[in-house]
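In: No sequence on hand, only this structure:
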């Protein structure tokens, strides 16, 4: 086995992303010295301690009909701008987190993908960097998988969506080097979410490319999980407000999304506390 591969067993529940991030840090051969590395950060939400997000990191209070498998590029665990972790915060009982490996995908990940009790799809739009991918118009059309094993006779097959979390070029590489993903039908987000959120922390190279959290929100809208999509949207907006204010060395503004996550009917008590490294 490659000595640099990190065993990434699935983690469900609050702190899933942080657990995987710690695996990544433990295997690092040199310190992470990107821009902003010297900022004193909360060890839980990864934002500057003065702009900690933890009091507003609240899970959606209802179960959702979709499971997410967040397949993350190794670099994403170290980026404070990563938005995939917001999905784990919003839906801790419905989001698996794995680190992508080109050579040794985790057996638990392969087991999830091959589970006959799930209807699997991949949230991924083929790009100029990627090989041809099997496209499906939307998730509602995926009642029957394209493989020989049919789950239509099972009482409650679980809709499960794999999300590639990385830059757009990295996502293409992850797909191209993962033959075990090629058989999954792909969902292409050809239209903006009903209430599009501009991702202002990283610059998109094309209009149809969303951040990971935005893509999940759009998918939830597609599956008629409107309340869940709204909850994730509020969490995303608070995250943006705190991060942008931190970069500008300004106090973060209190918004309607803060009010929602503080006392909104869809919000559950926060499972997170501010932590210093």
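Out: Received, thanks. The structure presented is a predicted model; accordingly, all values stated were derived computationally and were not measured.
In: from here on, contacts and neighbour counts on C-alpha atoms
Out: OK.
In: quick one: low-confidence parts of the stretch 51-200 of the chain?
Out: 125-156, 189-200 (pLDDT under 70).
In: if we go to 50?
Out: 128-130, 134-155, 191-199 (pLDDT under 50).
In: Helices along that one, start to end?
Out: Applying DSSP state H, counting those that start in this stretch to the stretch 51-200 of the chain gives helices spanning 84-90, 107-113, 168-176.
In: closest to residue 247 out of the ones you listed?
Out: Residue 247 lies closest to helix 84-90 among the helices of the stretch 51-200 of the chain, at 19.3 Å (C-alpha to C-alpha).
In: just checking, what packs against the closest one?
Out: Helix 84-90 sits against helix 16-27, strand 95-99, helix 212-222, helix 226-247, with contacts defined as 3 or more C-alpha pairs under 8 Å, 6 or more residues apart in numbering; DSSP states H and E.
In: Could you pull up the mean pLDDT of stretch 29-37?
Out: Taken as a whole, stretch 29-37 has a mean pLDDT of 70.
In: what's the first-to-last distance across that stretch?
Out: One end of stretch 29-37 to the other measures 16 Å (C-alpha to C-alpha, to the nearest Å).
In: What of stretch 74-82?
Out: Start-to-end, stretch 74-82 (C-alpha to C-alpha) is 12 Å.
In: Count the neighbours of residue 231 for me.
Out: 23 (other C-alpha atoms under 10 Å).
In: what does the one 3 residues further on give?
Out: By the measure other C-alpha under 10 Å, the count of residues near residue 234 is 19.
In: Which residues are in contact with it?
Out: With contacts defined as C-alpha atoms under 8 Å, 6 or more residues apart in numbering, the neighbours of residue 234 are 257, 258, 260, 261.
In: from the residues you listed, which single one is nearest residue 57?
Out: For the contacts of residue 234, the nearest to residue 57 is residue 261 (7.7 Å; C-alpha to C-alpha).
In: roughly how far apart are that closest one and residue 238?
Out: 9 Å.
In: Make CSV from the helices and strands packed on helix 84-90 and add distance to residue 65 to it.
Out: Conversion of these to CSV gives the following (distance: least, C-alpha to C-alpha, whole Å):
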stretch, distance to residue 65
helix 16-27, 20
strand 95-99, 12
helix 212-222, 9
helix 226-247, 10
